[in-house]
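1. the sequence and its predicted three-dimensional model are supplied below.
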Amino acid sequence: MRKTFRGPLPAPLPLACLSFTLMLAATPALAKENGAREDVAAPTAAASAAGTAVAASSDDEVPPTSVGTGAHDRGGEIFVTARRRQESSQDVPLAISVVGGEHIDSTGSFNVGRLQQLTPTLQFYSSNPRNTAVNIRGLGVPFGLTNDGIEQGVGIYVDDVYNSRVASATFDFLDVAQIEVLRGPQGTLYGKNTTAGAINITTNQPTFDFEGKAEVSIGNYNFKQAKAAVSGPLTDKLAARLAISSTSRKGTIYNVVTGEHIQGQDNLGLRGQLLWKPTEDLEVTLAGDFSAQDANCCGSVYVRTGLTQRALNRQFEALSAALGYAPPSRNAFDRLTDLDTDLRAKNKIGGASLRVKWDLGQGTLTSISAWRFWDWDPSNDRDFTGLPIVALSQNPSQQDQYTQELRYNYSSDKIDFVVGAFGFYQRIDTQGTEAHGTASSRWNIAPSNALSNNPAVLNGLVAYNTQYLKNTSAALFGQLSWHITPELTVQPGVRLNYDKKEGYYQRRVFDGAGNPVLTTGPTNAIKTAQLAIFTPQEISPEFSDWNFSYDFTASYKVAPDVLVYGTYAKSFKSGGINQNGVPTDTQNNPILAAATVKPEDVNHYELGIKSQFWDRKATLNLSIFRTDIKNYQANVNNGQFGVLRGYLANAGAVRSQGVEADFSIRPSERFNAYVNGAYTDATYRRFVDAPCPPELSGGTTVTGTQVPGAAGVPGALSPANCNISGQRLPGVSKWSFSFGAEVNQPATLLGQEGEVYFGYDGSYRSNFSSNPSPSAYTWIDGYSLSNFRLGFRTDNGFDIYGWVRNAFDQNYFDQLFVGPGNTGLIAGLPGDPRTWGLTVRYGF
């Protein structure tokens, strides 16, 4: 039951990076998808992941391959629709990587988390579907637990429909034709303004020719995946397409308490579309989709402990000994946990959309009306141990989202332009419950206090959190391309935006006997101990503002196959409200000044060059970028249980700058290869009052002229906050690479003519911080992953191949977490171990 409380191509660049990645298929495989003509070739497996556009010269014998809307090859050129019109990829002065649906399938990159291995500047982190972050070049959303009161910096679009819930990134891709990852601010072409970039997902569309495809995969960890799609005419003017996908896998972590494996996969997705084409000039598409997850998820394992400034007898090792506790393993890669709270991660998402495209000659009018919903039903273990400290932590949410976009595209020899209007409304309701257990008193109350030996003080202490958000946004946007000469084009764009957010947050606290715990009235030692864990509060934050943003790009064709360009963008990220509560003062009153956060002010610069050579058999794209942000929206967590979920605050300034390069080569239809690399320097330029890392937390807070103690010294004085200016943003590797190749050879198998192929895709990323304030305890070491596939495919759509991911069984972490209470506990989420399996696919 849904409860409510009423009260959208090559590689990037350094001062401003640009990149584009796409390469023609080197193999003759091929199903006709998305209504593509048979003479239209598409991105190949290895190459389409590259991020660099490399097309075969027109005299190459390239068989037709599966292609999706937005990337078509005609006469050796690859065409994309990244700027809402069809044009050659190498003519697009925009930082974009394109991954074709064929490559997504062949590499097992069936969600955004796996997609980051193919796109070096995309970062994806997820402790559970709600607490998921998708960033580009280190920017997007703050690292840590999700707060509904701010916007996503990276927009996720599916067939032009904006998905406001980042949880959509955890679902399997469903019948995807291609994915474009656009880097840098996107506001003058896309409905929702996003400051870091956009992930534009295009699905296969209904066709008037009957076609279908089916795929089955099996693997270790009891991995099973099945996908199918069928499309065809219902009448001469009406066509339909239906797709389904199902994925299941046993978890990679074993819980010694429950005897179950966690971190599993259990996904189901359905998508249906109707295309009505009454005339050649009018297309109406009605689409509906539904996806559900019900995995045994999401948990963590013990990683290490590090000394904090808390008294030694209140740190993890001493507290564990006092309670007779030991982690099931001190080696995280034994993949053992003992979490004692039921884990649940039920997640449903879906909706419907109506898209109308009307060709008016030189222009096209497009209307996209959509409704989306999201239901989230979780249960977590927030103490990261097998002790009954936090007995319950769950914040189920329900969202409804409505969007309307109206867009007109015009094209002529001298001028192309897009103008549009966008409206957005979102309602989110959340009902949270957090409760403490029998070990909480001993864990959280100082041993010198007799109450620490009385479990009843905190056992059963519960907080009920009720909140809602009403989020309204409206915008007018447009972009003009003026071709001053055949070589020189200037491209200004503008956006006028209005945002309004209305929120409500209430926390009610009750003791184990069901009596309310209030901040008013008489006080005593027990009440003081309980209020240190949960503090009641009620706030109704609001924010509204107008904003005008703009960008300007100039591009010049130095030679027929060499384009240089430069971009400046003045952008913004809407202000936000704190939906998870705010810190309290010494009288336990909420600090209302912290209820809202200012908008981010963004200045973005980008330079790049896109080139093809060797008869267009090779592509090299280089870009540089720099993004300066004032009032960066950061996630703050002070380590206390009372504000465990964190709150939002503005950091003074942040900068992300770097260099990106994409290279791909296809000397013949028998071989292709790619290398993409990025250097990203993303740092806090000014954040003087940041939360301190664990080694500088937990002691008595300094006052007056007192001097903080040294890091990691038990019992030392702790600073109230820390200056982390100049330090690296969380989750960002300075160096990241993706690389791969595929070779094939004609062969005959069981009387069927086709080709044998061998493919490799690898990735590398250097170390990165897994805490908003960099800590010596939460750096994740760099790692490299290698994936292989070997198979046989035919021209009639049959494909069978074996695959192995993380072939060398590299031990690495996706994330590390600082345990609550400043005890020095560090928990973590290990990345997937080696997995292997077999896939059989057939298309007709």
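-> Structure's in. What do you need?
2. thought residue 684 was touching residue 629?
-> No. Counting by C-beta atoms under 8 Å, residue 684 does not reach residue 629; the two are 10.1 Å apart. C-beta coordinates here come from the backbone N, C-alpha and C atoms, glycine included.
3. tell me, what's touching those two both at once?
-> 653-654 (C-beta atoms under 8 Å, 6 or more residues apart in numbering).
4. which residue lies nearest the spatial centre of the protein?
-> residue 134 (2.4 Å; C-alpha atoms, centre = their mean).
5. next SSE after the helix or strand that one falls within?
-> Secondary structure assignment for residue 134, by DSSP states H and E: strand 132-136. Helices and strands here follow DSSP H and E; after strand 132-136, the next one along the chain is strand 154-158.
6. what's that following strand in contact with?
-> 8, 112, 134-136, 140-141, 162-163, 166, 168-169, 186, 190, 192, 194, 196-201, 203.
7. if you look at these, which of them are in helices?
-> Mapping the contacts of strand 154-158 onto helices (DSSP state H) picks out residue 112.
8. using CSV, write out every CA atom in stretch 134-141.
-> Backbone C-alpha positions of stretch 134-141 (Å, rounded to 0.1, in the frame of the first residue of the first chain) are rendered in CSV as follows:
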residue,chain,number,x,y,z
VAL,A,134,25.7,9.2,-10.0
ASN,A,135,28.3,11.8,-10.7
ILE,A,136,30.3,13.0,-13.7
ARG,A,137,33.8,14.4,-13.3
GLY,A,138,33.3,14.2,-9.5
LEU,A,139,30.2,16.4,-9.5
GLY,A,140,26.5,15.8,-9.2
VAL,A,141,25.2,15.0,-5.7
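9. neighbouring contacts of the strand holding residue 134?
-> For strand 132-136, the external contacting residues (C-beta under 8 Å, 6+ apart) are 112, 121-126, 140-143, 146, 152-154, 156, 166-167, 169-170, 181, 183, 196-197, 199, 731-732.
10. redo that, cut-off 6 Å
-> Residues outside strand 132-136 that contact it (C-beta atoms under 6 Å, 6 or more residues apart in numbering): 121-126, 141, 154, 166, 169-170, 183, 196-197.
11. repeat that for stretch 118-131.
-> With C-beta under 6 Å, 6+ apart as the test, stretch 118-131 has contacts from 12, 49, 97, 99, 112-113, 116, 132-137, 145-146, 167, 170, 181, 298, 345, 347, 376, 676, 678, 731, 736-738, 815.
12. for stretch 215-223, same thing?
-> By C-beta under 6 Å, 6+ apart, the residues outside stretch 215-223 that reach it are 224-227, 249-250, 835-841.
13. with neighbour count added, can I get those in CSV?
-> Converted to CSV, these look like this (neighbours: other C-beta atoms under 10 Å):
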residue, neighbour count
224, 16
225, 21
226, 14
227, 23
249, 22
250, 17
835, 19
836, 15
837, 19
838, 13
839, 21
840, 14
841, 22
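14. residue contacts, residue 195?
-> 153, 185, 571, 573, 602.
15. same check, this time on residue 827
-> With contact set as C-beta under 6 Å, 6+ apart, residue 827 has these partners: 300, 303, 384, 817.
16. pull the most distant pair out of these.
-> Within these, 303 and 384 form the most distant pair, 9.5 Å apart (C-beta to C-beta).
17. sketch out the low-pLDDT regions of this structure for me.
-> 1-89, 637-646 (pLDDT under 70).
18. so which residue of it lies furthest out from the middle?
-> Most distant from the centre of the chain: residue 522, at 47.4 Å, with distances by C-alpha atoms, centre = their mean.
19. could you measure from residue 412 over to residue 364?
-> Counting by C-beta to C-beta, to the nearest Å, the gap from residue 412 to residue 364 is 13 Å.
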